[in-house]
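[1] Task: produce atomic coordinates for the following.
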Amino acid sequence: MKLAFIVQRYGTEILGGSEYHCRLIAERVAQRLGLPVFNTGLAGEAGWVETDGHGTLIAHESSFVNPNRNKGGKAEVERLLLDTMGAQKIIWAPGIKGADITDYTLTRWRASSSRGKS
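    Take a look at the predicted model:
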């Protein structure tokens, strides 16, 4: 079983705000359920990735594959997202680089698709 708490920043150096409280909750829940806590190291925000709940993710490339956020290339970011989310496939939408501070999150653009189809 995997249980995901996804926050923008994670670690003991984060001393306040929602990230801090999410870390505390995640650690307590993980301890109670006997699950590991891990940090992918990916910089992300809510709305940068969506799932259909059937193994397919959609993400904006301009948000994740960006040297000011994630040092790894597209293949490394993709591997981490798939592993973390327990998915088998990712559909990369280009996004709009420089549109705003988030490079156009998916919360602004929602797609309705059939299971696992692009």
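
[2] For residue 93, the count of nearby residues, please.
    17 (other CB atoms under 10 Å). (C-beta placed from N, C-alpha, C; glycine too.)

[3] For the closest residue to it other than its chain neighbours, grab the count of nearby residues.
    Of all residues not flanking residue 93 in the chain, residue 60 sits nearest, at 5.3 Å (CB to CB, 6 or more residues apart in numbering). For residue 60, the count of nearby residues is 26 (other CB under 10 Å).

[4] give me phi/psi at residue 60?
    phi -90, psi 120 (degrees, to the nearest 10).

[5] I'd say residue 81 and residue 50 touch.
    No - Residue 81 sits out of contact with residue 50 when judged by CB atoms under 8 Å, with a separation of 11.2 Å.

[6] joint contacts of those two?
    57, 59 (CB atoms under 8 Å, 6 or more residues apart in numbering).

[7] mean confidence score for the helix or strand where residue 32 lies?
    Assigned by DSSP states H and E, residue 32 falls within helix 17-33. Averaged over helix 17-33, pLDDT sits at 88.

[8] Please apply the same query to stretch 83-99.
    Per-residue pLDDT over stretch 83-99 has a mean of 84.

[9] gap between the residue lying farthest from the centre of the chain and residue 25?
    Within the chain, the residue lying farthest from the chain centre (CA atoms, centre = their mean) is residue 32, at 23.9 Å. As judged by CB to CB, to the nearest Å, residue 32 and residue 25 stand 11 Å apart.

[10] Would you mind listing the buried residues in stretch 39-50?
    Burial within stretch 39-50, assessed by neighbour count using 16 or more other CB atoms under 10 Å, is assigned to 40, 42, 43, 44, 45, 47, 48, 49, 50.

[11] Report the secondary structure state of the fourth one.
    Meaning residue 44. What DSSP: H, G, I helix; E, B strand; the rest coil gives for residue 44 is coil.

[12] correct me, but it touches residue 66?
    No - proximity of residue 44 to residue 66 does not meet the contact threshold set by CB under 8 Å, at 10.6 Å.
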